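K.L.:
Return atomic coordinates for the entry below.
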Amino acid sequence: MNLATLPGRLAASAVLLVVFVIELVRSSVSVALAVFSPQDRLEPQVVAVPIRLKTDLGIATLASLVTLTPGTSALH
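P.N.:
Below is the predicted model:
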């Protein structure tokens, strides 16, 4: 790893963490409201999202973040 890129990578990781936590809270509230709502408004779907990740670590990290989010799963 190049030490010159470390500050930028740390900053990007911090931004990712903040965005993920915000989205995690939003999705948790959304799933809880859907579960406890008397109306059946759920429409399960499979959505294909192309990714540009090349490394196994990047793909595994993305899959982990997706599956940690309530109401989602990652498919290969």
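K.L.:
Would you mind identifying the next helix or strand past the longest helix seen in the chain?
P.N.:
Across the chain, the helix with the greatest residue count (assigned by DSSP state H) is helix 6-36. Downstream of helix 6-36, the first helix or strand assigned by DSSP states H and E is helix 56-68.
K.L.:
Centre of the chain to that following helix, how far?
P.N.:
8 Å (Cα atoms, centre = their mean, to the nearest Å).
K.L.:
Tell me how many other residues crowd Gly8.
P.N.:
Neighbourhood size, Gly8 [other Cβ atoms under 10 Å]: 9. Yep, even glycine has a C-beta here, placed from its N, CA and C like the rest.
K.L.:
ok, now Ser64?
P.N.:
Considering only other Cβ under 10 Å, Ser64 is surrounded by 10 other residues.
K.L.:
mind checking how far it is from Arg52?
P.N.:
From Ser64 across to Arg52, the span is 18 Å (Cβ to Cβ, to the nearest Å).
K.L.:
go on, Val29?
P.N.:
Taking Cβ to Cβ, one finds Val29 at 30 Å from Arg52.
K.L.:
the more surrounded of those two?
P.N.:
Val29 (11 against 5).
K.L.:
Tell me how far the more buried one lies from Ala12.
P.N.:
26 Å.
K.L.:
Sketch out the low-pLDDT regions of this structure for me.
P.N.:
Across the chain, the ranges flagged by pLDDT under 70 are 1.
K.L.:
hmm, 90 instead?
P.N.:
For the chain, applying pLDDT under 90 flags the ranges 1-6, 34-35, 37-44, 69-76.
K.L.:
Next, the angle from the longest helix of the chain to helix 56-68.
P.N.:
Interaxial angle of helix 6-36 relative to helix 56-68 (axes from the mean of the first three to the mean of the last three Cα atoms, to 10 degrees): 30 degrees.
K.L.:
Show the secondary-structure elements that helix 6-36 is packed against.
P.N.:
For helix 6-36, there is no helix or strand it packs on, judged by 3 or more Cβ pairs under 8 Å, 6 or more residues apart in numbering; DSSP states H and E.
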